[in-house]
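Student: only the shape, not the letters, is given here:
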Ligand SMILES: Nc1ncnc2c1ncn2[C@@H]1O[C@H](COP(=O)(O)OP(=O)(O)O)[C@@H](O)[C@H]1O
Ligand SMILES: [Mg+2]
């Protein structure tokens, strides 16, 4: 399952990247370069070979852990991508936690207080949430909370004046390992605005799905049975209902995660977040093929892994699903 | 005469919906004595489930609203309980099993965890003891298979699930078991086994049962007394022998005629003509009048009260039996209400 998806992804990224108009050699050398110089550079980058050979070289490279070498920095992608990847994962995780925590609780609240003002308010928030574009929300946040009120920083992962040495590239982890609470707090301040911008749409989708799925389960026979046993309302909601309602919520969760990775590119650009999104964005401007290809492939890989985790969660939540067993 | 356990008096449960008021239960009196099995019969939509859910306090309010009357269990007025007290009654004093065994157990929890939850909800026992009690309760309903506690509902057949439901209902030894069409969804042989099981529990544990069904065959087999409901009201009440030998209300007669009979196979199965009235627009007169063969002028003008017929304990809501109106006070005096 994993392998064919990745093969497919590699073909798609390769094709898209090569469909981008513009010549990387010209982009590197500038407009005034001589045709000879351009041809020479092309040859050294392997761009004069037939497409199919270029693709096979690329796949062979991936198999051996070689993601190509950046045209611009002349550094292997596999070596320089680490910090970018970590930054994106940190941001996505923060956004997802916000989306799950607020989304599910908003949905639960709305279902529990079904057809009351609270329910309507929660759903209006959710409708606004799904329709707000990421970039607009990001810019608004910067304007209000960073510029106007000056509460939170609007750029980067951490204050560069801080003497902070990163080991794993995951700043929160590092700060905790080193017991540096100040750095932890500073990183937290930096992540709040981009995480909210990125998490709002999935939050709204999760809230809507949670509500409808909770409502459906709440009127089910087995919830009535639980009530007939004398089970408290809290356990009815958080144990009997939520566990079942979680099954469709998980589906939305998996889908939203994909969109979230897409949104990460926008968010990172707006908030100068040094993640894989910005890495690829800059590579696109520079026609840096190896970086674009590998960057997109890595994002696809993360997406596949997340869906794998979601599938495993299904089996954990729903005993009727069993993989590999009949 | 046995002591009264459950006493429903003049009870009305109406639903206030956007499209009008549904008088689902509109003034009913039902009593169940200790150790008694009482049948509640009537066509689909006549208010049987709403009645049983009202006794459990499980009717959603709103849209439901108790308009009048009360429900007493062993002298305690249930209609005035708060949410916390209700939780102590449910599963402990009154338990309930439902029509659809396939969907009545939570699919994501094991049988064991659902049974243990029922026990620990009302009894202060440890996990191990609760497990033993759960196993014991399952043995009582004829499931002694090892490892059943670790199985999930989808691994069991419908009949097995209904047994589990019964075991779960009985773990706290409730005084009253409400069974809302417990066998309707099961096939005939399984149906007979489940009915047998309920009869045995009634005999051995003395649990009273309010058995809701639309199947008069089930009533004949199980019940000592029968209450017939039509359009949210009781139309006839009597002991089971009298019901089959000498039914009084035209609706009951119609129900009896529509039972398929083995010796008259060739005959086309009878069914009462017409439909149940729209619960939002009940007829002004007798609610059965539009479908009744014996309809008179008066039937269309006013709804008859319950008339006492010949001997005690047989009532009929039909102008044909307008002899002496049922005297509430007299009848009440003959009852021994527990706790008063
Ligand atoms: N929650 C509800 N809201 C509105 N109407 C309801 C509700 N529950 C039941 N009713 C109505 O009450 C009437 C009686 O239903 P019910 O007790 O389920 O009938 P049955 O005798 O088949 O068990 C029906 O007309 C039904 O539509
Ligand atoms: Mg019903």
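Tutor: Thanks, I have it. All figures in this text were calculated on a predicted structure; none of them were measured in a lab. Ligands and ions are numbered 1, 2, ... in the order given.
Student: what residues are up against the closest residue to residue A:75 other than its chain neighbours?
Tutor: Computed as C-beta to C-beta, 6 or more residues apart in numbering or on different chains, the closest residue to residue A:75 that is not its neighbour in sequence is residue A:69, at 6.8 Å. All C-beta atoms are positioned from the backbone trio N, CA, C, and that covers glycine. Residue A:69 makes contacts with A:75-77, A:290, as judged by C-beta atoms under 8 Å, 6 or more residues apart in numbering or on different chains.
Student: from these, which ones fall inside helices?
Tutor: Mapping the contacts of residue A:69 onto helices (DSSP state H) picks out A:77, A:290.
Student: of the contacts of residue A:69 - the most surrounded one?
Tutor: Neighbour counts for the contacts of residue A:69, by other C-beta atoms under 10 Å in any protein chain shown, peak at residue A:77, which reaches 25 neighbours.
Student: where does the chain have low pLDDT?
Tutor: Chain wasn't specified; assuming chain A. Along chain A, the model assigns pLDDT under 70 to residues A:1-2, A:322-326.
Student: wrong one, chain B
Tutor: For chain B, the stretches with pLDDT under 70 are B:1, B:261-268, B:311-312, B:323-340.
Student: between the contacts of residue A:69, which sits nearest residue B:58?
Tutor: For those, the closest approach to residue B:58 (C-beta to C-beta) belongs to residue A:77, at 62.0 Å.
Student: and the gap between that closest one and chain B?
Tutor: Remark: distance between residue A:77 and chain B (C-beta to the nearest C-beta, to the nearest Å) = 44 Å.
Student: what sits against that residue?
Tutor: Shown here is residue A:77, whose contacts under the criterion C-beta under 8 Å, 6+ apart are A:67-70, A:290-291, A:294-295.
Student: go through these and flag which are in helices.
Tutor: A:290-291, A:294-295.
Student: between those, which sits nearest chain B?
Tutor: Set against chain B, the nearest of these by C-beta to the nearest C-beta is residue A:295 (39.6 Å).
Student: how would you label the spatially most central residue of chain B: helix, strand or coil?
Tutor: Centroid-nearest residue in chain B, with C-alpha atoms, centre = their mean: residue B:212, separated by 3.5 Å. Look at residue B:212: counting by DSSP: H, G, I helix; E, B strand; the rest coil, its state is strand.
Student: was I right about it contacting residue B:49?
Tutor: Yes - the pair residue B:212 / residue B:49 is scored as a contact, 7.2 Å apart, by C-beta atoms under 8 Å.
Student: what's the overlap in contacts for these two?
Tutor: Common neighbours of residue B:212 and residue B:49 (C-beta under 8 Å, 6+ apart) are residue B:180.
Student: need the contact list for residue 293.
Tutor: The chain I'm using is chain A. A:13-14, A:17, A:58, A:68.
Student: nope, chain B please
Tutor: Taking C-beta under 8 Å, 6+ apart, we find residue B:293 in contact with residue B:250.
Student: and the closest residue to residue B:162 other than its chain neighbours, how many neighbours?
Tutor: Among residues not flanking residue B:162 along the chain, residue B:101 sits closest, at 3.9 Å (C-beta to C-beta, 6+ apart). A count of nearby residues for residue B:101, using other C-beta under 10 Å, gives 27.
Student: was I right about residue B:101 contacting residue B:186?
Tutor: Yes - here residue B:101 lies in contact with residue B:186, judged by C-beta under 8 Å, at a distance of 7.3 Å.
Student: and the residue of the stretch 201-326 of chain A that's closest to ligand 1?
Tutor: Per C-beta to the nearest ligand atom, residue A:219 is where the stretch 201-326 of chain A lies closest to ligand 1, at 9.3 Å.
Student: would you list every one of the helices in chain A?
Tutor: For chain A, applying DSSP H gives helices covering A:2-19, A:24-29, A:35-45, A:51-63, A:77-112, A:117-131, A:134-141, A:171-177, A:181-218, A:221-228, A:233-235, A:242-270, A:276-286, A:289-317.
Student: out of the ones you listed, flag the one nearest residue B:114.
Tutor: Residue B:114 lies closest to helix A:221-228 among those, at 8.2 Å (C-beta to C-beta).
Student: now what about that closest one, what contacts it?
Tutor: Contacts of helix A:221-228 (C-beta under 8 Å, 6+ apart): A:217, A:235-236, A:240-241, A:244, B:56, B:58, B:90-91, B:95-96, B:98, B:100, B:103-107, B:117, B:165, B:169.
Student: just the buried members of these?
Tutor: Among these, the ones that count as buried by 16 or more other C-beta atoms under 10 Å in any protein chain shown are A:217, A:236, A:240-241, A:244, B:56, B:58, B:90-91, B:95-96, B:98, B:100, B:103-107, B:117, B:165, B:169.
Student: hang on, the earlier thing: give me the common contacts of residue B:101 and residue B:186.
Tutor: Common contact partners of residue B:101 and residue B:186 (C-beta under 8 Å, 6+ apart): B:158-159, B:162.
Student: can you redo the contacts of residue A:293 as a markdown table with distance to residue B:239 and neighbour count?
Tutor: Converted to a markdown table, those look like this (distance: C-beta to C-beta, whole Å; neighbours: other C-beta atoms under 10 Å in any protein chain shown):
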| residue | distance to residue B:239 | neighbour count |
| --- | --- | --- |
| A:13 | 81 | 20 |
| A:14 | 85 | 20 |
| A:17 | 86 | 22 |
| A:58 | 88 | 23 |
| A:68 | 90 | 21 |
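Student: look at residue B:11 and give its secondary structure.
Tutor: Judged by three-state DSSP, the three-state class of residue B:11 is strand.
Student: for residue B:318, phi and psi?
Tutor: Reported as degrees, to the nearest 10, the phi and psi values for residue B:318 are phi -150, psi 140.
Student: who's in contact with it?
Tutor: Counted by C-beta under 8 Å, 6+ apart, residue B:318 has contacts B:235, B:248-250, B:286, B:288, B:304, B:307.
Student: try 7 Å
Tutor: B:248-250, B:304 (C-beta atoms under 7 Å, 6 or more residues apart in numbering or on different chains).
Student: go on, residue B:11?
Tutor: Residue B:11 neighbours (C-beta under 7 Å, 6+ apart): B:25, B:28, B:54, B:69-71.
Student: got the residues of the stretch 151-300 of chain A near chain B?
Tutor: Within reach of chain B by C-beta under 7 Å from any C-beta of the partner chain, the stretch 151-300 of chain A has these residues: A:220-222, A:224-232, A:240, A:243-244.
Student: which residue is nearest the centroid of chain A?
Tutor: Nearest to the mean C-alpha position of chain A, by C-alpha atoms, centre = their mean, lies residue A:261 at 3.0 Å.
Student: hmm, it is touching residue A:304, no?
Tutor: No - if you go by C-beta atoms under 7 Å, residue A:261 and residue A:304 don't touch, sitting 10.9 Å apart.
Student: so which residues of the stretch 1-150 of chain B form helices?
Tutor: B:48-56, B:83-89, B:111-122, B:127-140 (DSSP state H, counting those that start in this stretch).
Student: now those as JSON lines including distance to residue A:249?
Tutor: Shown next, in JSON lines, are those (distance: least, C-beta to C-beta, whole Å):
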{"stretch": "helix B:48-56", "distance to residue A:249": "29"}
{"stretch": "helix B:83-89", "distance to residue A:249": "28"}
{"stretch": "helix B:111-122", "distance to residue A:249": "22"}
{"stretch": "helix B:127-140", "distance to residue A:249": "30"}
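Student: for residue A:207, find the nearest of those.
Tutor: helix B:83-89 (26.9 Å).
Student: quick check: buried residues in the closest one?
Tutor: Buried residues in helix B:83-89, defined by neighbour count with 16+ other C-beta under 10 Å: B:87, B:89.
Student: do it and chain A meet at all?
Tutor: Yes - Helix B:83-89 is in contact with chain A by C-beta under 7 Å from any C-beta, via B:87-88.
Student: what about residue A:162, distance to residue A:179?
Tutor: 15 Å (C-beta to C-beta, to the nearest Å).
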